[in-house]
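Colleague: no letters, just coordinates:
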């Protein structure tokens, strides 16, 4: 029962299904299951580490300089991007060429940036969420939500791109409608 | 929409001066930083002229700076073009995005809230779900499918010479 409750919570807080953030990244990665899984995992790393760093930025940056938030978040993600590639390069050079494409897709997108801004906005509304641990956990939660959405999309990906779907609706339009229906179900859960 | 166009246009143009010999990751980071810097004056101007819009758009506003034209297409598509071609192509891409935004926003607002640009119109049937994210997904998917259908019909018409003959003879 606990697992079901957690699953429902994850779905209900999912940024893709509730706020339409990171949809294009999801579609780019949806080409095959392996791509999707690794992209989703990489995005989870970005959202978790990025959220922790965003907390620090929020603490340092004065309120009067709020317009600079995006710039600092971009620098944070840039630093994580480089760090991630460096770790991959020095730990597993053999698979670096394959693995780096997931890092490229995952670094700068609405899923990651949207997570940082959503968590910050939520923390401003509910001060009890404004802690380092809560930021990292919320980042991990958003990333896990992305993985969940990725699995939901993968389940129907082949059918939505099959010849049985009218040519005009095959692929992207069908995937949008499908995500919309899942999103509607999630909306009912909230 | 104006903000999207301004941020995208300026960021891609300025980003085109990033040296091509740099590693891919470095170029993407520099382009993203450029977009974040361009975002600052655009936000300031937008706040001056459309203060309500900024509040209403909320966290989606800064996300304009990480749109796919800036962080993906700029490197995979625009960077391979000559500057003149790139500018023309970019302008048409932006106009295309703007057209989609106008049509989608107009229809969604009309059908979901019965208003056009915030002004009440005489709409009998409202579909409130269209104003929610899931409504956006479904509506955009349907519009996209409809657009493809219209485009394929027009293309077929052109291929057959527009005389209605689809037999190929």
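Modeller: Cool, got the structure. These figures come from a predicted structure and were not determined experimentally.
Colleague: got phi/psi on the residue nearest in space to the middle of chain A?
Modeller: Of all residues in chain A, the one closest to the mean position by C-alpha atoms, centre = their mean is residue A:111, 4.0 Å from it. Backbone dihedrals for residue A:111, given as degrees, to the nearest 10, come out at phi -60, psi -50.
Colleague: that one against residue A:25, yeah?
Modeller: Yes. Between residue A:111 and residue A:25 there is a contact at 5.3 Å, judged by C-beta atoms under 8 Å. C-beta: built from backbone N, CA, C; applies to glycine.
Colleague: can you check which residues contact both of the two?
Modeller: Contact criterion C-beta atoms under 8 Å, 6 or more residues apart in numbering or on different chains; residues shared by residue A:111 and residue A:25: residue A:43.
Colleague: run a quick neighbour tally on residue A:47.
Modeller: 32 (other C-beta atoms under 10 Å in any protein chain shown).
Colleague: for it, give me its contacts.
Modeller: A:111-112, A:115-116, A:139-140, A:142-143, A:146.
Colleague: which helix or strand lies directly C-terminal to the helix or strand encompassing it?
Modeller: Assigned by DSSP states H and E, residue A:47 belongs to helix A:33-60. On the C-terminal side of helix A:33-60, the nearest following helix or strand under DSSP H and E is helix A:69-91.
Colleague: the next helix or strand after that following helix to helix A:69-91, inter-axis angle?
Modeller: Downstream of helix A:69-91, the next assigned helix or strand under DSSP H and E is helix A:96-107. Calculated by axes from the mean of the first three to the mean of the last three C-alpha atoms, to 10 degrees, helix A:96-107 forms an angle of 170 degrees with helix A:69-91.
Colleague: which elements pack onto helix A:96-107?
Modeller: Applying 3 or more C-beta pairs under 8 Å, 6 or more residues apart in numbering or on different chains; DSSP states H and E, we find helix A:96-107 packed against helix A:23-29, helix A:33-60, helix A:69-91, helix B:24-49.
Colleague: could those helices go into a markdown table alongside mean pLDDT and distance to residue B:9?
Modeller: Listed next are the helices and strands packed on helix A:96-107 as a markdown table, based on pLDDT from 0 to 100; distance: least, C-beta to C-beta, whole Å:
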| stretch | mean pLDDT | distance to residue B:9 |
| --- | --- | --- |
| helix A:23-29 | 73 | 20 |
| helix A:33-60 | 86 | 27 |
| helix A:69-91 | 89 | 18 |
| helix B:24-49 | 88 | 9 |
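Colleague: now for those helices, which one comes closest to residue A:169?
Modeller: Closest to residue A:169 of the helices and strands packed on helix A:96-107 is helix A:23-29 (C-beta to C-beta; 14.7 Å).
Colleague: ok, that closest one near chain B or not?
Modeller: Yes. Looking at helix A:23-29 against chain B by C-beta under 8 Å from any C-beta of the partner chain, the contacts come from A:23-24, A:28.
Colleague: which among those residues count as buried?
Modeller: Buried residues within the residues of helix A:23-29 next to chain B, defined by neighbour count using 16 or more other C-beta atoms under 10 Å in any protein chain shown: A:23-24.
Colleague: out of the residues of helix A:23-29 next to chain B, which is nearest to chain B?
Modeller: residue A:24 (5.6 Å; C-beta to the nearest C-beta).
Colleague: which residue ranges form the helices in chain B?
Modeller: B:2-15, B:24-49, B:51-57, B:68, B:74-76, B:83-113, B:133-159 (DSSP state H).
Colleague: okay, buried residues for the first one please.
Modeller: Of the residues in helix B:2-15, those buried by neighbour count under the rule 16+ other C-beta under 10 Å are B:3-13, B:15.
Colleague: out of those, which is nearest to residue A:155?
Modeller: residue B:4 (32.8 Å).
Colleague: quick one: contacts for the closest one?
Modeller: B:64, B:67, B:94, B:97-98, B:101.
Colleague: ranking the residues you listed by neighbours, who comes first?
Modeller: residue B:64 (23 neighbours).
Colleague: for residue A:105, see how far away the residue nearest to the centre of chain A is.
Modeller: In this view, residue A:111 and residue A:105 are 10 Å apart by C-beta to C-beta, to the nearest Å.
Colleague: give the contact list for residue 104.
Modeller: No chain was given, so I picked chain A. For residue A:104, the contact set (C-beta under 8 Å, 6+ apart) comprises B:24-25, B:28.
Colleague: not quite, I wanted chain B
Modeller: Here residue B:104 is in contact with B:136, B:139-140, B:143 (criterion: C-beta under 8 Å, 6+ apart).
Colleague: burial of residue A:122, as a residue count?
Modeller: Applying other C-beta under 10 Å, we find 15 residues neighbouring residue A:122.
Colleague: what sits in contact with each of residue A:111 and residue A:105?
Modeller: With C-beta under 8 Å, 6+ apart, residue A:111 and residue A:105 have common neighbours residue A:25.
Colleague: near chain A, from the contacts of residue A:104?
Modeller: B:24-25, B:28.
Colleague: find the nearest non-adjacent residue to residue B:130, please.
Modeller: residue B:112 (4.0 Å; C-beta to C-beta, 6 or more residues apart in numbering or on different chains).
Colleague: tell me the centre residue of chain B?
Modeller: Nearest to chain B centroid, counting by C-alpha atoms, centre = their mean: residue B:97, 2.6 Å.
Colleague: any idea how far that one lies from residue B:140?
Modeller: 13 Å.
Colleague: if we can go back for a sec, closest to chain A among the buried residues of helix B:2-15?
Modeller: For those, the residue nearest chain A by C-beta to the nearest C-beta is residue B:7; the value is 10.5 Å.
Colleague: just the pLDDT for that closest one.
Modeller: You'll see residue B:7 listed with a pLDDT of 88.
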